[in-house]
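[1] curious how this folds, go ahead:
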Amino acid sequence: MVSFKLLAGGYDVFVATYLFNAATSSLTLLNKSPTGRNPSWIALHPTNRSLLYAVNQESGAGSIQSFGIKTDGTLTDAIDTVSSGGRSPPFVTALSTGSVAVVNYASGTGRIIPTTSEGTKFDSFAPIITFPTPEVGTSHPHMVVENFGEVLVPDLGGDTIWRLRANPSTGASDIEGSIPQPKGSGPRHIAIFNNRLFTLHELSSTLSVQTLPDADGTSNTLAIVSIIPSSPPEGAKWAAAEILIPPPSEKFPVPYIYVSNRNKGPQTPEGDTIAIFEHVNFGQPDEGLVLVNQVYTGLDQIRGMGFGNAREGGDEYLAAAGHAGAAGVIVLQRIDGGRGLQIVARNLDIPTRTSFLWL
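    Numbers count the residues shown, from 1 in each chain. Predicted coordinates for the structure are as follows:
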């Protein structure tokens, strides 16, 4: 394909639709579809790509909404809205079971909400999950990843990854264990590939790889590395944000790991970087992570990123934006087999965006 539509959420009252033309290296803002407040994270239904879920990341009572996606990439009016069960939900995702999972950063809670009407309507009676309060600090769940019937939730404040599974008697999801992380590291986002757990830690700006244990087992940390670029600007305050591992394809056979560095301190014109790592020596004593590249983006506080769809040739491209500043949205092209990235398009119509989906 030559042209791709993509959706972008942010801290305002709309989801933006863009058109990226690979032939002309142009990125055009097509529309702004009205939503509830702060649709900072958006997610597609797992089988119906014309159905979108979005959080309303309110500092008070948060919620999630469902929308239809029209053929031109714009959204219908909200089909349904339901409480997220807490404050400041930063993440929502659709599960293979038909339920929608949401977590609440500011209140240490979450919900796994069954849906009806082909995923468009939410069960408002779904129970609220309260994550344990750590000995020091506050629980801050930040993401949800489904893995073979288990739901994993990295807790940035609790320095752990909670393991949830549906109770066969009640159907509700119960916490059945955890995968501890280094104290003070702040696990924010995770990815699973090749039976390994990759964790991006916000507070320590590190990336780790661990074995993925059975429900009753323990996990071994195989490597943990810094993601911070060398020679950072004076006064930089790092806070890692996103991790992506696009599936291997014919054009990109090596599953490189892409993580965003988010500098909350003074910015330079070069902006924040996207660090690229390779997972090496799988199953060997020296299994680990090797830094391949640090790509400067000109963006300020990269929060969310999104790769295109491999089946349509879109996995060659990565969309990114900053949570601050005015650098807009960029599209980067993977080069050198994925070992590098180069900016091929930029749109400045909206200064900031925080999450992306390619249609």
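
[2] output the below-cut-off pLDDT ranges for the stretch 101-250 of the chain.
    For the stretch 101-250 of the chain, the stretches with pLDDT under 70 are 215-216.

[3] which phi and psi values does the nearest residue to residue 309 once chain neighbours are set aside adopt?
    Nearest residue to residue 309, sequence neighbours excluded (C-beta to C-beta, 6 or more residues apart in numbering): residue 358, at 5.7 Å. All C-beta atoms are positioned from the backbone trio N, CA, C, and that covers glycine. The phi and psi values for residue 358, taken as degrees, to the nearest 10, are phi -100, psi 130.

[4] residues in contact with residue 358?
    4, 5, 6, 306, 307, 308, 309, 314, 319 (C-beta atoms under 8 Å, 6 or more residues apart in numbering).

[5] so the fourth one sits against residue 355, correct?
    Yes - under the criterion of C-beta atoms under 8 Å, residue 306 lies in contact with residue 355, with a separation of 7.2 Å.

[6] these two: who's more crowded?
    More neighbours surround residue 355 than the other of residue 306 and residue 355, with 26 against 21 (other C-beta atoms under 10 Å).

[7] so the more buried one bridges to which residues?
    residue 9 (DSSP bridges).

[8] any idea how far residue 8 is from residue 56?
    Noted for residue 56: a distance of 16 Å to residue 8, by C-beta to C-beta, to the nearest Å.

[9] hmm, I was thinking of residue 64
    Residue 64 sits 17 Å away from residue 8, going by C-beta to C-beta.

[10] so which of the contacts of residue 358 is the most crowded?
    The most crowded member of these is residue 319, carrying 27 neighbours; neighbours defined as other C-beta under 10 Å.

[11] that one: which element?
    Using DSSP states H and E, residue 319 falls within strand 317-324.

[12] show me what that strand is packed up against.
    The elements that strand 317-324 packs onto, with contact taken as 3 or more C-beta pairs under 8 Å, 6 or more residues apart in numbering; DSSP states H and E, are strand 3-9, strand 14-21, strand 300-307, strand 329-335, strand 355-358.

[13] quick check: mean pLDDT across it?
    Regarding strand 317-324, the rounded mean pLDDT is 96.

[14] pull the distance from the strand or helix carrying residue 225 to the chain's centre.
    Residue 225 is part of strand 221-226, with elements assigned from DSSP H and E. How far strand 221-226 lies from its chain's middle: 20 Å, per C-alpha atoms, centre = their mean, to the nearest Å.
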